[in-house]
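# only geometry, no sequence info:
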């Protein structure tokens, strides 16, 4: 699983710390979501997520295989972001 961090401004130590903190909170939440909807033997290295740090919103990246996007998207936004807005970046 890979995260692409999107934010305005520079890559300051404070922003790096914010990204690290967000990753520590997002990674287990997304992993639980994936495990609850996919086979436990699925290779999660093909999953990519774009994280808009300013908006605190996670998008399924188009780098993720389309079959997984189709399978996950209907519930992803509500479970991960708390809103049904579609989040394919």
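Received the coordinates, thanks. Note that the coordinates shown come from a computational prediction; the quantities given were computed from them, not determined experimentally.
# show the subsequent helix or strand relative to the lengthiest helix in the chain.
Identified as the longest helix of the chain according to DSSP state H is helix 13-37. Where DSSP states H and E defines the elements, the next helix or strand beyond helix 13-37 is strand 48-52.
# for the next helix or strand after that following strand, packing partners?
Tracing the chain past strand 48-52, the next element assigned as helix or strand by DSSP H and E is strand 57-60. Strand 57-60 sits against strand 48-52, helix 66-76, with contacts defined as 3 or more C-beta pairs under 8 Å, 6 or more residues apart in numbering; DSSP states H and E. All C-beta spots, glycine's among them, are computed from the backbone N, C-alpha and C.
# for the closest residue to residue 45 other than its chain neighbours, give me its contacts.
Excluding its sequence neighbours, the residue lying closest to residue 45 (C-beta to C-beta, 6 or more residues apart in numbering) is residue 1, at 7.0 Å. Going by C-beta atoms under 8 Å, 6 or more residues apart in numbering, residue 1 touches 27, 30, 31, 34, 44, 45, 47, 48, 49.
# about what we covered before: now the longest helix of the chain against helix 66-76, angle please.
Angle between the axes of helix 13-37 and helix 66-76 is 100 degrees (criterion: axes from the mean of the first three to the mean of the last three C-alpha atoms, to 10 degrees).
# contact partners of helix 13-37?
Contacting residues not belonging to helix 13-37 are listed as 1, 3, 5, 7, 9, 42, 44, 47, 49, 51, 53, 56, 58, 71-72, 75-76, 79-80 [C-beta under 8 Å, 6+ apart].
# the helices and strands packed on strand 57-60: which one's closest to residue 38?
Of all these, it is helix 66-76 that lies closest to residue 38, at 7.3 Å by C-beta to C-beta.
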